[in-house]
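Chemist: got a sequence here, can you model it:
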Amino acid sequence: MTQAAQTTPTLHSVTHPADLRGVTTVEAAKLLHRQPQTLRKWAAFENGPIRPRRVHGRLWWALADIERLLSGGAQ
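Modeler: So this is what the prediction gives:
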């Protein structure tokens, strides 16, 4: 194994696994008791209480953000 291969960080050493948990727009809408189109509008106008990340052109909603919103933490 080369020196570069030994020092290259792995995904799990860079990002905590809990940060990787997320759901699709349809799944997030069900959790939030909203219509999927409502979440799409939040994303498009960037005016919702939580914001998605875009992964390969699709919206991805972090479960941590959804949990915070449901517990009253997000505005």
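
Chemist: any low-confidence regions in this structure?
Modeler: For the chain, applying pLDDT under 70 flags the ranges 1-20, 74-75.

Chemist: biggest helix in it, by residue count?
Modeler: As assigned by DSSP state H, the longest helix anywhere in the chain is helix 36-45.

Chemist: output it as CSV - backbone C-alpha positions only.
Modeler: Extracted in CSV, the C-alpha atoms of helix 36-45 (Å, rounded to 0.1, in the frame of the first residue of the first chain):
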residue,chain,number,x,y,z
PRO,A,36,-44.9,17.0,-1.4
GLN,A,37,-45.5,20.1,-3.5
THR,A,38,-45.3,22.2,-0.4
LEU,A,39,-41.8,21.0,0.3
ARG,A,40,-40.9,21.5,-3.4
LYS,A,41,-42.0,25.1,-3.0
TRP,A,42,-39.9,25.5,0.1
ALA,A,43,-37.0,24.3,-1.9
ALA,A,44,-37.7,26.5,-5.0
PHE,A,45,-38.4,29.7,-3.1
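
Chemist: give me the buried positions along it.
Modeler: Of all the residues in helix 36-45, those buried under the rule 16 or more other CB atoms under 10 Å are 39, 42-43. For every residue, glycine as well, the C-beta is placed using N, CA and C.
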